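In: quick one: sequence plus predicted model below, questions after.
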Amino acid sequence: MASIIPDRQLFIVTSALNPNMGIINREDRLQQTIDGLKSLREKCPDAFIMLAEGSPEKVEQEKIKALADYVDVVADFSSDPDITQFAANGRKSEAENVLMLKCMFLFKQDVGMMKILESTSRIYKCSARTIIDSNFNVKEHNHWGKYVFKKRMPTWISDSRKEFAPSLLITRLFSFCPSLINDYIRVCKMNINMTLQTGIDTEHAHFVNIYKDNLFEIDTIHCRGIMAGTGLTEIY
């Protein structure tokens with residue numbers, strides 16, 4: 001029997017429905033999350049979508065049920081102690097990297113997720129409350145053995161840290177080849193250590209810790225999202 005060529009897109013949508021920081025209230029966060037998932041499902045109807053919920057406070061089941069129609073599976077890590085220890089202290093970068101680490105371990109340890117991975121050609125990380133624009137095209141991410149990010153941006157850091165982190169990578173939406181799962185586990189672990197030791201954010205840490213030979217950069221990632229700290233919409 002001929003082998004099946006993996007061709008499915010897998011999206012990890014990282015969410016925090018019950019945060020302890022930011023100016024957007026929880027009702028609006030839920031609706032914005034639904035709007036983002038709708039846009040993703042409309043643009044990529046055949047994708048496998050996993051909602052990875054990492055709130056520091058346990059998310060109500062009615063909220064999970066409200067999102068279930070738009071995703072294939074919910075990985076609920078809300079109130080997980082490994083995440084809460086960071087989120088409760090406003091360490092958003094560390095909490096997000098722990099959440100992604102837990103998702104990577106699911107792919108390696110959960111039988112159901114391992115089966116899904118067999119048909120997957122590309123893994124995407126997408127922040128919740130992100131609207132996927134009409135020009136989004138998965139073909140732009142079709143680079144075997146590569147991470148695909150929006151082109152690096154110059155750092156806004158003005159102190160000595162810019163010597164080792166001169167640029168940053170937007171992490172609202174990026175993708176990587178399934179062959180890089182073990183490498184991304186390395187990246188997440190190094191990101192956590194680096195953000196704790198230096199205070200830089202996850203976007204700078206991704207730039208520092210991803211091997212540049214594995215990095216492919218594109219001009220735009222065709223999405224927009226609301227910033228939790230300001231409520232403003234940024235276009236990527």
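Out: Cool, the structure landed. In this text the structure is predicted, and so the values were computed from the model without any measurement. Residues are numbered from 1 along each chain as shown.

In: I'd like the mean pLDDT over the helix or strand hosting residue 51, please.
Out: Using DSSP states H and E, residue 51 maps to strand 48-53. Summarised as a single mean, pLDDT over strand 48-53 is 97.

In: which outside residues touch that strand?
Out: 8-17, 37, 40-41, 59, 64, 67, 70-78, 99-100, 102-103, 116, 120, 128 (Cβ atoms under 8 Å, 6 or more residues apart in numbering). Where you see a C-beta, it was placed from the backbone N, CA and C, and this is true even at glycine.

In: now, which of these lie within strands?
Out: Judged by DSSP state E, strands contain the following of the contacts of strand 48-53: 8-15, 73-76, 120.

In: any idea how far the residue sitting nearest the centre point of the chain lies from residue 199?
Out: With distances taken as Cα atoms, centre = their mean, the residue of the chain nearest its centroid is residue 125 (3.3 Å). Here residue 125 is placed at a distance of 22 Å from residue 199 (Cβ to Cβ, to the nearest Å).

In: could you do residue 126 as well?
Out: Noted for residue 126: a distance of 26 Å to residue 199, by Cβ to Cβ.

In: quick one, which of the two is more surrounded?
Out: residue 126 (24 against 13; other Cβ atoms under 10 Å).

In: can you classify the more buried one by secondary structure?
Out: What DSSP: H, G, I helix; E, B strand; the rest coil gives for residue 126 is strand.

In: show me what contacts it?
Out: By Cβ under 8 Å, 6+ apart, the contact set of residue 126 is 11-14, 36, 40, 132, 172-173, 223.

In: the residue nearest to the centre of the chain against residue 169, yeah?
Out: No - judged on Cβ atoms under 8 Å, residue 125 makes no contact with residue 169 at a distance of 11.3 Å.

In: list the contacts of the residue nearest to residue 99 when sequence neighbours are not counted.
Out: Among residues not flanking residue 99 along the chain, residue 54 sits closest, at 3.9 Å (Cβ to Cβ, 6 or more residues apart in numbering). Contact analysis of residue 54 by Cβ under 8 Å, 6+ apart lists 14-16, 77-78, 80, 83, 87, 95-96, 98-99.

In: one step back: could you flag which of the contacts of strand 48-53 are buried?
Out: With burial judged by 16 or more other Cβ atoms under 10 Å, the buried subset of the contacts of strand 48-53 is 9-17, 37, 40-41, 59, 64, 67, 70-71, 73-78, 99-100, 102-103, 116, 120, 128.

In: ok so, going back, and the residue nearest to the centre of the chain, how far from residue 61?
Out: Separation of residue 125 from residue 61 (Cβ to Cβ) stands at 25 Å.

In: circling back: tell me the strands beside the strand holding residue 51, with direction?
Out: Strands that pair with strand 48-53, judged by DSSP bridges, come out as strand 8-15 (parallel), strand 73-76 (parallel).

In: and those strands as CSV, adding mean pLDDT and distance to residue 228?
Out: As requested, the strands paired with strand 48-53 are arranged in CSV below (pLDDT from 0 to 100; distance: least, Cβ to Cβ, whole Å):
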stretch, mean pLDDT, distance to residue 228
strand 8-15, 97, 12
strand 73-76, 95, 20
